[in-house]
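Trainee: Got a predicted model here, sequence first, then my questions.
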Amino acid sequence: MFASTSQGDILIEFTNDKVVGIKLSGGLDSAIVFYMLCKHITDNELETAILPITLNDFAKPFQGEFAKRVTYWMKANFPTVEILPNAIKQCPENGEAYEKEQDIHLYDTHQQTPFDIYFTGINKNPPKEVYLQFYNSEKELLEGPEEDRPGTDPISIEHPYYWNPNGYWQIGKTLDQGVLQGNMTSISLLTNIDKKGIAELYDMFDLRQTL
């Protein structure tokens, strides 16, 4: 599937994968990626199944609920696409940092349902002159996003991992065949596109009032 925005092009190419994953927060970014995956599978008559993966942050307990709604919408609008049960996990309040818990959930899910590639809704930050105008509920000027997303990161990143003998998942490779391990590729289709470009995608597919 190919889509073009004023900020760059999007290309989805997989054809023979049995399952692809998607990190689904239920927000507009991951939702449009989910839509494009379904459209790619439908348009090309593929037999690939989609596995939504959601970590429900205790600080944002709505993510799991909205992810379910997005999944329901996709099933209703793409009835021929096999969408596997959403792998939803509640992030423990006293657990690791949210980003670390996301990795743990991703690896655990991958061990249960293997896939070679997974997609994310990660996208580019808005221009600095834009986000420096953002205020919080206390009318305090925000400093901008905590994460640096300059729009220059690679779209596709190899993502190997293994079970460290000390008892935790670790990014990297090991030659020890007796250790639980896996490898997948992370694809962030929107990494060079900000919210303006994402809005163009919603308009392109006429989704502003539905998805």
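Mentor: Yep, it's here.
Trainee: any weak-confidence spans in this protein?
Mentor: For the chain, residues meeting the criterion pLDDT under 70 lie at 95-96, 127-152.
Trainee: need the strands for it, in chain order.
Mentor: For the chain, the strands defined by DSSP state E cover 2-5, 8-11, 19-23, 49-56, 87-90, 117-120, 156-164, 168-171, 181-188.
Trainee: could you dump those to CSV with distance to residue 207?
Mentor: Yep, even glycine has a C-beta here, placed from its N, CA and C like the rest. Listed next are the strands of the chain as CSV, based on distance: least, C-beta to C-beta, whole Å:
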stretch, distance to residue 207
strand 2-5, 12
strand 8-11, 15
strand 19-23, 17
strand 49-56, 17
strand 87-90, 23
strand 117-120, 17
strand 156-164, 25
strand 168-171, 34
strand 181-188, 20
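Trainee: Distance to residue 99 and mean neighbour count for those strands - can I get that in a markdown table?
Mentor: Formatted as a markdown table, these follow (distance: least, C-beta to C-beta, whole Å; neighbours: other C-beta atoms under 10 Å):
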| stretch | distance to residue 99 | mean neighbour count |
| --- | --- | --- |
| strand 2-5 | 27 | 15 |
| strand 8-11 | 25 | 14 |
| strand 19-23 | 12 | 23 |
| strand 49-56 | 10 | 23 |
| strand 87-90 | 14 | 18 |
| strand 117-120 | 12 | 22 |
| strand 156-164 | 14 | 15 |
| strand 168-171 | 12 | 15 |
| strand 181-188 | 13 | 18 |
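Trainee: Nearest approach to residue 69 belongs to which of the ones you listed?
Mentor: strand 49-56 (11.4 Å; C-beta to C-beta).
Trainee: Also compute the angle for that closest one relative to strand 19-23, please.
Mentor: 20 degrees (axes from the mean of the first three to the mean of the last three C-alpha atoms, to 10 degrees).
Trainee: what number of residues lie near the closest residue to residue 66 other than its chain neighbours?
Mentor: Spatial nearest neighbour of residue 66, excluding adjacent residues (C-beta to C-beta, 6 or more residues apart in numbering): residue 26 at 2.7 Å. A count of nearby residues for residue 26, using other C-beta atoms under 10 Å, gives 24.
Trainee: Residue 26 contacts residue 74, correct?
Mentor: No: with contact defined as C-beta atoms under 8 Å, residue 26 does not count as touching residue 74 (11.6 Å).
Trainee: And the residue positioned nearest the centre of the chain, how far from residue 158?
Mentor: Centroid-nearest residue in the chain: residue 120, 2.2 Å away (criterion: C-alpha atoms, centre = their mean). Distance, residue 120 to residue 158, using C-beta to C-beta, to the nearest Å: 14 Å.
Trainee: picking that back up, ok, now which ones touch the residue nearest to the centre of the chain?
Mentor: 22, 23, 30, 33, 186, 187, 188 (C-beta atoms under 8 Å, 6 or more residues apart in numbering).
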